[in-house]
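how would this look folded up:
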Amino acid sequence: MENAMPLNTEWAIGELDRFLELTDGSFQGDPEDMGVWFVANGNQDQIVAQWAVARRILLRMSPDWVLSDEPVSAYEPEWKRQREAVLEAQALLSRKREIDENLGDKAPSLSASGFHPWVWEGARALWQSGYYRSAVEDAAKKVNAETQNKLGRRDVSEAELFKFAFSEDLPRVGGARLRRMAPEPGNKTYASMQRGARTLAEGIYAGIRNPLGHADPADLDEQVALEYLAALSILARWVDQSLVDSV
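Residues are numbered from 1 along each chain as shown. Reported below is the predicted structural model:
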């Protein structure tokens with residue numbers, strides 16, 4: 001499984017160039033004597049190793065990609081089909097911006113590494129191994145733990161923790177609050193921001209975290225998991241940026 005990190009286009013083009021360089025070469029021999037054969041620039045071990053990298057790039061660009069099974073003539077280069085696939089991928093990568101602009105596909109991309117550190121630190125190891133469901137669970141646990149740390153509490157967690165933390169009520173001994181902006185009695189914006197944080201947290205922990213811990217253990221689709229992490233990142237930023245109101 002691939003992760004959601006954006007493809008490093010410059011690196012990918014360089015790796016594809018390397019494969020093309022190794023598999024390039026020249027025809028040698030005398031057709032009237034021993035025949036004609038193709039000699040590549042790189043040795044077989046080098047080519048096989050570089051093909052492993054090039055193949056991953058092709059699959060990253062198109063998960064359904066498969067190598068053509070069209071037969072290759074004995075008088076053609078051994079790596080002819082692979083070179084054709086790499087040349088096509090290289091053209092698409094090098095002209096990606098032009099293609100996107102002219103075909104109208106300019107949708108923004110979302111990188112998990114850009115999420116709030118609490119979320120990505122909690123999810124990264126499992127995410128990069130393809131365990132998206134577990135990655136989301138660990139990110140939710142991390143956001144919960146960091147919120148507990150900020151408030152100095154261990155007696156309440158998840159939805160109840162955030163419900164108390166973002167309450168508009170006054171703090172009490174052992175019960176600090178989080179304020180997304182300085183409290184102003186009667187200020188509708190202040191009340192709205194506090195309510196928004198409470199309801200977002202409730203939705204995340206009741207609608208995402210809780211089902212993941214009790215529902216079918218089958219893994220999540222990568223795109224769905226990425227969207228779940230995005231929701232957690234919003235909540236994490238709100239907690240991190242909030243003022244602690246305590247007595």
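
can you give me the strands in the chain?
For the chain, applying DSSP state E gives strands covering 25-30, 35-40, 177-179, 243-245.

distance of the closest residue to residue 157 other than its chain neighbours from residue 13?
Of all residues not flanking residue 157 in the chain, residue 144 sits nearest, at 5.6 Å (C-beta to C-beta, 6 or more residues apart in numbering). Where you see a C-beta, it was placed from the backbone N, CA and C, and this is true even at glycine. In this view, residue 144 and residue 13 are 42 Å apart by C-beta to C-beta, to the nearest Å.

And these two? Which one has more around it.
residue 144 (24 against 17; other C-beta atoms under 10 Å).

is it true that that one touches residue 161?
Yes. Between residue 144 and residue 161 there is a contact at 6.6 Å, judged by C-beta atoms under 8 Å.

and stretch 175-187, what's its mean pLDDT?
For stretch 175-187, the mean pLDDT works out to 91.

Just the endpoints, please. Distance across it?
Length of stretch 175-187, first residue to last, C-alpha to C-alpha, to the nearest Å: 23 Å.

how about it: buried residues?
Using 16 or more other C-beta atoms under 10 Å as the burial criterion, the residues of stretch 175-187 that qualify are 175-180.

So which of those residues is the closest to residue 27?
Of all the buried residues of stretch 175-187, residue 27 sits closest to residue 180, with 70.8 Å by C-beta to C-beta.

Look up how far residue 14 lies from the closest residue to the closest one other than its chain neighbours.
Spatial nearest neighbour of residue 180, excluding adjacent residues (C-beta to C-beta, 6+ apart): residue 193 at 4.2 Å. Residue 193 sits at a distance of 47 Å from residue 14 (criterion: C-beta to C-beta).

Looking at these two, which one has more neighbours?
residue 193 (17 against 10).

Count the residues that sit near the residue lying closest to residue 40 once chain neighbours are set aside.
Using C-beta to C-beta, 6+ apart and skipping the chain neighbours, the partner closest in space to residue 40 is residue 25 (4.1 Å). Residues within reach of residue 25, counting by other C-beta under 10 Å, total 15.

tell me the pLDDT at residue 25?
pLDDT, residue 25: 78.

How about residue 217?
You'll see residue 217 listed with a pLDDT of 61.

Please apply the same query to residue 143.
At residue 143, pLDDT is 97.

Please verify my assumption that it contacts residue 237.
No. Checked against C-beta under 8 Å, the pair residue 143 and residue 237 is beyond contact range at 10.1 Å.

Neighbour count for those two, which is higher?
Comparing residue 143 with residue 237 by other C-beta under 10 Å, the one with more neighbours is residue 143, at 26 against 15.

Any figure for the gap between that one and residue 209?
For residue 143, the distance to residue 209 - C-beta to C-beta - is 9 Å.

ok, now residue 239?
Per C-beta to C-beta, residue 239 is found 15 Å from residue 209.

and if you look at residue 25?
For residue 25 relative to residue 209 (C-beta to C-beta), the value is 56 Å.

ok, back up a step: of the buried residues of stretch 175-187, just say which sits nearest to residue 134.
For the buried residues of stretch 175-187, the nearest to residue 134 is residue 178 (27.7 Å; C-beta to C-beta).

how many other residues sit next to the residue lying closest to that closest one once chain neighbours are set aside?
Sequence neighbours aside, residue 242 is the residue nearest to residue 178 in space, at 4.0 Å (criterion: C-beta to C-beta, 6+ apart). If you count neighbours by other C-beta under 10 Å, residue 242 ends up with 21.

how about residue 242, phi and psi?
The phi/psi pair for residue 242 (degrees, to the nearest 10) reads phi -80, psi 150.

And the pLDDT for it?
97.

All good on my end, thank you.
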